[in-house]
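Undergrad: just the structure for this:
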Amino acid sequence: MKVILSLILLFSFLFAQPHGKFLQTPYERPFKVVYELFFDHPEKLRPALGWISNVLFVLTNPPYNFSPDDIEIVVVSHGRELPVFAMKNRSQYQDIVERLESLSMYGVKFKVCKMAAEQIYGLSDKDFYPFVELVPSAITDIIHWQLKGYALMIPQVLEIRR
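TA: Numbering: from 1, shown residues only. All right, here's what the predicted structure looks like:
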């Protein structure tokens, strides 16, 4: 038994690569994802948008060359980042809002929980940018998109303390 194990180990070393191997994943159209945003601070929206930008960048560049029509991204917000989507806070979150506007031009759909907007922040549909839609409930909407075949992504934005 030891001889057999030794031979298997020897062959595995002989055919092993000295480094990692790149795999070109064969992503398929349409690429559908729903992002759930529920952060404890509005500023965490900034790095979370990188998760969305990453998907768009990878899929719209070679070798994939997807068009924006091939990528369906829905973002549902219901946390403390919600005030960033309100027009009255533009000056406070100018750079984040510009990224949101840019992503919306790529077809990313931004949805905000109506219950959270009204009950927690006292905001109505008139308070939000034209690229934002209010939905009855973030939780119900996220389930709706999953049932339509969208993959669920929940960005994790961690604070690194030294």
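
Undergrad: check contacts around the spatially closest residue to residue 86 that is not a sequence neighbour.
TA: Residue nearest to residue 86 in three dimensions, not counting chain neighbours: residue 127, with 4.8 Å by CB to CB, 6 or more residues apart in numbering. Every residue, glycine included, has its C-beta placed from N, CA and C. Neighbouring residues of residue 127 by CB atoms under 8 Å, 6 or more residues apart in numbering: 86-88, 117.

Undergrad: low-scoring stretches of the protein, by residue?
TA: The chain contains residues with pLDDT under 70 at 1, 3, 5-17.

Undergrad: hmm, 90 instead?
TA: 1-24, 157-162 (pLDDT under 90).

Undergrad: the longest helix in it is where?
TA: Counting by DSSP state H, the longest helix found in the chain is helix 45-60.

Undergrad: need the next SSE after that one, C-terminal direction.
TA: strand 71-77 (DSSP states H and E).

Undergrad: follow-up on the earlier one: of the contacts of residue 127, grab the buried ones for PyMOL.
TA: Filtering the contacts of residue 127 down to the buried ones (16 or more other CB atoms under 10 Å) takes a single PyMOL command:
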select buried, resi 86+117
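
Undergrad: let me have the contacts of residue 127 in JSON lines, extended by secondary structure.
TA: Output for these, formatted as JSON lines (DSSP: H, G, I helix; E, B strand; the rest coil):
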{"residue": "86", "secondary structure": "strand"}
{"residue": "87", "secondary structure": "helix"}
{"residue": "88", "secondary structure": "helix"}
{"residue": "117", "secondary structure": "helix"}
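
Undergrad: just the closest of the contacts of residue 127 to residue 101, please.
TA: residue 87 (11.6 Å; CB to CB).

Undergrad: can you give me the neighbour number for the closest residue to that closest one other than its chain neighbours?
TA: Computed as CB to CB, 6+ apart, the closest residue to residue 87 that is not its neighbour in sequence is residue 129, at 5.9 Å. Residues contacting residue 129 under the criterion other CB atoms under 10 Å number 16.

Undergrad: strands along the protein, start to end?
TA: Secondary structure of the chain (DSSP state E): strands at 31-37, 71-77, 109-113, 132-135, 151-153.
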